[in-house]
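Asks: sequence unknown, structure follows:
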């Protein structure tokens, strides 16, 4: 079976795919979208007669079955394999659904797992951060009691295949020490102590023999290593559903895809809740929440409960019940500012103030952004700089970034996602060091006025942005 996109899944199910198709499924990408796609497959496999008819199955055929949900972060992978390959005494189809499986983790995706752990820690989501750190420990083959934070630079790169992050990493030990059962062995290994690579080989050997007729295996992973033999086997003998959405790029195409996903979720959720919303109100909701699929659905459910018997959710409901929860709003401000989009910058600035973001925090964000541009521009102007105007992202990541990290090992900004660093270098190329220094002087002057002037802070901030835009482009 081929790899298909989630948008094609409904058509595949309607064509009777579950009856003619494989017993092995893999869903990868955005977690909520993966869960939604899994539920559609489950309903088609053992749902109501209406579900069976919609999926092309004979009505009444095997209407019973059991779903066995398994948390991939906590599972004993050897035990799961034994269950999947065993005949069940229970009637109907047996669906083993493993969420966040570690079968496809490898050093190739270790840097992405670290980024997720760091982002979760920064936003206070400690449980999520612990899960990602546990995956890194499993990839590094570390036991409980051994510490990621204590690894040296060479050992870190050898075990995880990316440069050790700079700065204080003691928070890793603090988080891992707070796990519910710190005495248990590292769950990145199977029951007999083998690593994920070994258990993946066992899965591959077992699946090649075939599953019992009534058993089905549904796996989901955010960032699988697509080079793994098990991934290639499922792509050939099973079905892989791509639920990923590009959230790194700020291009018009990427934003269009994100908006389409959100509008689809709004439409299906409103239908299930028997509610309606005007298009402008839908836009208002999506703008407030941003691209967070699970948050959009949860906000809609909350709004439906609040509206009670009213059939339509209004803008007033959203104003009252939905706060501006966008985590990327500050990023959007710097992006609009860097592109010299005056109107967009002032609109975002107003929204940040409405959402209670402190003006000094906004100033700090702008200062860090300009300092990073100044730092990248200084690197580009070095006599032996490997940077070249117009170089591709791939060439930057392979040839340029490693040299910068070697020469500027203390610069933490270089440890961000390689594509984000590349875009930063591209943007820095548009400015001069002298002009960026002048911008920093304007920011410092505005901060002095905020702390010692009687003028309302919003006026000072807006005047600052007008001054920055009015100045000649650095």
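Replies: Happy to help now that I have it. These numbers come from a predicted model, not from an experiment.
Asks: When you work out contacts or count neighbours from here on, use the C-alpha atoms and nothing else.
Replies: Fine.
Asks: Around the nearest residue to residue 104 once chain neighbours are set aside, count how many other residues there are.
Replies: Nearest residue to residue 104, sequence neighbours excluded (Cα to Cα, 6 or more residues apart in numbering): residue 224, at 4.8 Å. For residue 224, the count of nearby residues is 22 (other Cα atoms under 10 Å).
Asks: Tell me where the model's unsure across the stretch 1-150 of the chain.
Replies: Low-confidence segments of the stretch 1-150 of the chain, defined by pLDDT under 70: 1, 48-63, 123, 144-145.
Asks: So which bits of the helix or strand harbouring residue 469 are buried?
Replies: Using DSSP states H and E, residue 469 falls within helix 457-470. Residues 457, 460-461, 464-465, 468 are the ones in helix 457-470 that count as buried (16 or more other Cα atoms under 10 Å).
Asks: so which of the residues you listed comes closest to residue 378?
Replies: residue 468 (20.8 Å; Cα to Cα).
Asks: Enumerate the positions of stretch 148-167 that are buried.
Replies: Quick answer for stretch 148-167 (16+ other Cα under 10 Å): 148, 156, 159-165.
Asks: Name the residues that touch it?
Replies: 107-108, 110-111, 136-137, 139-140, 169-170, 172-173, 410-412, 415 (Cα atoms under 8 Å, 6 or more residues apart in numbering).
Asks: Among these, which one has the most neighbours?
Replies: residue 136 (25 neighbours).
Asks: Look up how far residue 72 lies from that one.
Replies: Relative to residue 72, residue 136 is positioned 14 Å away (criterion: Cα to Cα, to the nearest Å).
Asks: Over to residue 138?
Replies: Relative to residue 72, and taking Cα to Cα, residue 138 is found at 12 Å.
Asks: Residue 231 too?
Replies: Plainly put, residue 231 is 16 Å away from residue 72 if you go by Cα to Cα.
Asks: Can you pick out the residue with more neighbours from these two?
Replies: Applying other Cα under 10 Å to residue 231 and residue 72 shows that residue 72 carries more neighbours, namely 22 against 19.
Asks: Please work out how many residues are found near the nearest residue to that one once chain neighbours are set aside.
Replies: Of all residues not flanking residue 72 in the chain, residue 101 sits nearest, at 4.4 Å (Cα to Cα, 6+ apart). Neighbours of residue 101 under the rule other Cα under 10 Å: 23.
Asks: Likewise for residue 271?
Replies: The tally of other residues near residue 271 (other Cα under 10 Å) stands at 11.
Asks: so when I look at it, I'm seeing a strand, right?
Replies: No - assigned with DSSP: H, G, I helix; E, B strand; the rest coil, residue 271 falls outside any strand and is helix.
Asks: what residues does stretch 113-124 touch?
Replies: So stretch 113-124 is contacted by 126, 128-133, 135-136, 416-417 (Cα under 8 Å, 6+ apart).
Asks: Which residue ranges of the protein form strands?
Replies: 3-5, 24-29, 65-71, 93-99, 215-221, 239-243, 276-277, 312-313 (DSSP state E).
Asks: With respect to residue 451, which of those strands lies nearest?
Replies: When the strands of the chain are compared (using Cα to Cα), the closest one is strand 312-313, at 42.6 Å.
Asks: for the closest one, packing partners?
Replies: strand 276-277, helix 293-307 (3 or more Cα pairs under 8 Å, 6 or more residues apart in numbering; DSSP states H and E).
Asks: need these in a markdown table with mean pLDDT, distance to residue 284 and mean neighbour count, can you?
Replies: Formatted as a markdown table, the helices and strands packed on strand 312-313 follow (pLDDT from 0 to 100; distance: least, Cα to Cα, whole Å; neighbours: other Cα atoms under 10 Å):
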| stretch | mean pLDDT | distance to residue 284 | mean neighbour count |
| --- | --- | --- | --- |
| strand 276-277 | 93 | 10 | 18 |
| helix 293-307 | 91 | 11 | 17 |
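Asks: Redo those as TSV? Include distance to residue 28.
Replies: Formatted as TSV, the helices and strands packed on strand 312-313 follow (distance: least, Cα to Cα, whole Å):
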stretch	distance to residue 28
strand 276-277	31
helix 293-307	15
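Asks: out of those, nearest to residue 432?
Replies: That would be helix 293-307 among these, by Cα to Cα, at 39.8 Å.
Asks: Could you name the helices and strands sitting against the closest one?
Replies: helix 31-46, helix 252-273, helix 279-289, strand 312-313, helix 315-321.
Asks: With distance to residue 122 added, can I get these in TSV?
Replies: TSV is the format used below for these (distance: least, Cα to Cα, whole Å):
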stretch	distance to residue 122
helix 31-46	20
helix 252-273	24
helix 279-289	19
strand 312-313	34
helix 315-321	26
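Asks: Looking at those, which is nearest to residue 437?
Replies: helix 252-273 (31.0 Å).
Asks: List the buried residues for the closest one?
Replies: Buried, per 16+ other Cα under 10 Å, within helix 252-273: 255, 258-259, 261-263, 265-266, 269-270.
Asks: Nearest to residue 443 among those?
Replies: Taking the buried residues of helix 252-273 together and measuring to residue 443 by Cα to Cα, the closest member is residue 255, at 30.6 Å.
Asks: Now do the contacts for that closest one.
Replies: Contacts of residue 255 (Cα under 8 Å, 6+ apart): none.
Asks: Quick one, grab the pLDDT at it.
Replies: Looking at residue 255, its pLDDT is 79.
Asks: so how far is residue 281 from residue 157?
Replies: Counting by Cα to Cα - residue 157 and residue 281 are separated by 49 Å.
Asks: same check, this time on residue 403
Replies: 49 Å.
Asks: try residue 147
Replies: From residue 147 over to residue 281 (counting by Cα to Cα), the distance is 49 Å.
Asks: Also residue 133?
Replies: Relative to residue 281, and taking Cα to Cα, residue 133 is found at 39 Å.
Asks: can you list the domain ranges for this structure.
Replies: Domain ranges of the chain: 3-102+193-243, 107-177, 252-321, 329-470, per automatic domain parsing.
Asks: so how far is the last one from its chain's centroid?
Replies: Read that as domain 329-470. In this view, domain 329-470 has its centroid 23 Å away from the chain centroid, taken as Cα atoms, centre = their mean, to the nearest Å.
Asks: before we move on, what about the second one?
Replies: Computed by Cα atoms, centre = their mean, the chain-centroid distance of domain 107-177 equals 17 Å.
Asks: Show the end-to-end separation of it, please.
Replies: 24 Å.
Asks: One more: stretch 205-214?
Replies: Its first and final residues considered, stretch 205-214 spans 19 Å by Cα to Cα.
Asks: taking the mean pLDDT, what do you get for it?
Replies: pLDDT averaged over stretch 205-214 gives 90.
Asks: what's the nearest residue to residue 230 if we skip its chain neighbours?
Replies: residue 204 (5.7 Å).
Asks: Would you mind stating the distance between that neighbour and residue 93?
Replies: 22 Å.
Asks: Same drill for the two, tell me which one is more crowded.
Replies: Between residue 204 and residue 93, counting by other Cα under 10 Å, residue 93 is the more crowded of the two (19 against 16).
Asks: So the more buried one sits against residue 215, correct?
Replies: Yes - assessed by Cα atoms under 8 Å, residue 93 is found in contact with residue 215 at 6.0 Å.
Asks: wait, doesn't residue 214 sit right on residue 96?
Replies: No - in this structure, residue 214 is not within contact of residue 96 by Cα under 8 Å, at 11.0 Å.
Asks: the more surrounded of those two?
Replies: The residue with more neighbours, out of residue 214 and residue 96, is residue 96; 21 against 17, by other Cα under 10 Å.
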